[in-house]
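Enquirer: Take a look and give me a structure for this.
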Amino acid sequence: MRIYAKDLNKHLDQKIEFSGFVDSIRNLQWVQFVIVKDLTGKVQVTIEKSEEKNKEMVELIESLPLESTVKITGKLISSPKVKLNGMEIIPEKIEVTSKSEHEIPFNYKNIDGVNLDTRLDYRFIDLRSEKNQLMFMVQSSFIKYMREYLYNNNFIEIHTPKLIGAASESGAEVFEVKYFDRKAYLAQSPQFYKQMAMASGLEKIFEVANIKNKEKLEITIEVNPGTVTKEKLQMFKNCGINRLSIGLQSTNDELLKQLGRIHNYNQFLDTYIWAKEVGFENINVDLMLGIPNQRIEDLKDSLEKIVNLKPKHISLFG
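Expert: Below you'll find the predicted structure:
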């Protein structure tokens with residue numbers, strides 16, 4: 001069974017299999033030190049040249065280019081003299097699973113002076129750097145713990161359409177693609193689908209997705225006037241969120257109660273004023289059409305009041 005670098009300390013004095021890239025080789029007179037790395041860390045492999053049983057492995061390492069991948073079978077032992085985590089593998093067998101070119105296009109450990117086009121042409125090499133891999137690990141961990149938190153708080157994850165038949169947001173450029181015999185567009189925002197899901201009774205929903213938009217990156221958060229505070233809005237602004245979507249639904253408090261909303265119109269007005277005060281310029285207000293017992297006069301009243309506030313965008317869902 002393959003063991004990862006992060007779990008090696010659980011397998012001291014055991015025979016293990018370790019696979020990874022050859023990161024460095026020190027070929028001394030009596031010994032070879034090979035550093036092998038996987039996604040989770042590095043380990044030293046020590047080969048004594050004086051031992052006859054190691055002759056084949058010594059010859060293999062002497063001709064092995066860096067960045068080749070290997071599978072090491074051997075005993076993992078504690079060795080306080082080893083600076084790398086205080087342990088080393090004494091190999092019984094080394095299998096080359098893929099052999100690298102003797103000279104790779106650039107040294108990904110030091111990219112000073114390396115042309116960006118070269119890095120992009122050989123992106124699979126560029127991504128081997130610890131800095132680049134750390135960015136992916138942080139992103140992965142962020143999404144993992146975000147999902148865990150939301151699942152533990154009774155949220156449901158949804159997956160909305162990514163191809164749509166028409167632009168979903170006015171005033172925004174769209175990515176047009178050919179879809180069989182017709183035109184289609186990459187979805188710009190999942191907010192319409194999220195509103196429909198909430199109106200259906202799913203209550204708490206979320207989605208992890210890429211948003212495709214040609215314009216300057218727009219980062220939106222949706223807030224409930226019944227729970228948000230001015231301090232939270234300031235925090236959102238400080239975190240780089242530049243678009244606020246406020247779920248009003250209606251200016252009629254009786255209709256809001258009927259929908260099970262915990263806010264009223266005055267709380268919405270407080271939220272809107274706070275948002276302006278902390279610096280939000282791009283504000284959307286959500287309204288609903290087709291609420292049971294909603295009259296045309298109710299909808300007209302809501303639209304007139306919100307238009308007078310002059311938000312950048314009004315979304316009407318039905």
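
Enquirer: so where's the stretch 151-300 of the chain uncertain?
Expert: 167-174, 188-189, 210-216 (pLDDT under 70).

Enquirer: all strands of it, in order?
Expert: Here the stretch 151-300 of the chain has its strands, by DSSP state E, counting those that start in this stretch, at 156-157, 163-164, 176-179, 182-186, 205-206, 220-223, 243-249, 282-288.

Enquirer: Mind jotting down where the helices sit in this protein?
Expert: Secondary structure of the chain (DSSP state H): helices located at 55-62, 116-121, 123-126, 130-152, 191-197, 230-238, 253-259, 265-278, 296-309.

Enquirer: Count the residues that sit near residue 292.
Expert: 7 (other Cβ atoms under 10 Å). To be clear about C-beta, it is placed using only N, CA and C from the backbone, and glycine gets the same treatment.

Enquirer: which residues touch residue 273?
Expert: Contacts for residue 273 (Cβ atoms under 8 Å, 6 or more residues apart in numbering) come out as none.

Enquirer: can you tell me how far it sits from residue 95?
Expert: 68 Å (Cβ to Cβ, to the nearest Å).

Enquirer: repeat for residue 175
Expert: 46 Å.

Enquirer: Please apply the same query to residue 257.
Expert: Distance from residue 257 to residue 95, by Cβ to Cβ: 70 Å.

Enquirer: Repeat that for residue 298.
Expert: The gap separating residue 298 from residue 95 is 74 Å, by Cβ to Cβ.

Enquirer: okay, those two: which has more neighbours?
Expert: residue 298 (16 against 12).

Enquirer: Excluding sequence neighbours, find me the nearest residue to the more buried one.
Expert: Nearest non-adjacent residue to residue 298, counting by Cβ to Cβ, 6 or more residues apart in numbering: residue 252, 5.0 Å away.

Enquirer: so who does residue 80 touch?
Expert: Counting by Cβ under 8 Å, 6+ apart, residue 80 touches residue 86.

Enquirer: Per-residue pLDDT of it, please?
Expert: Per-residue pLDDT puts residue 80 at 92.

Enquirer: So it versus residue 87, what's the distance?
Expert: 9 Å.

Enquirer: ditto for residue 248
Expert: Using Cβ to Cβ, residue 248 is found at 60 Å from residue 87.
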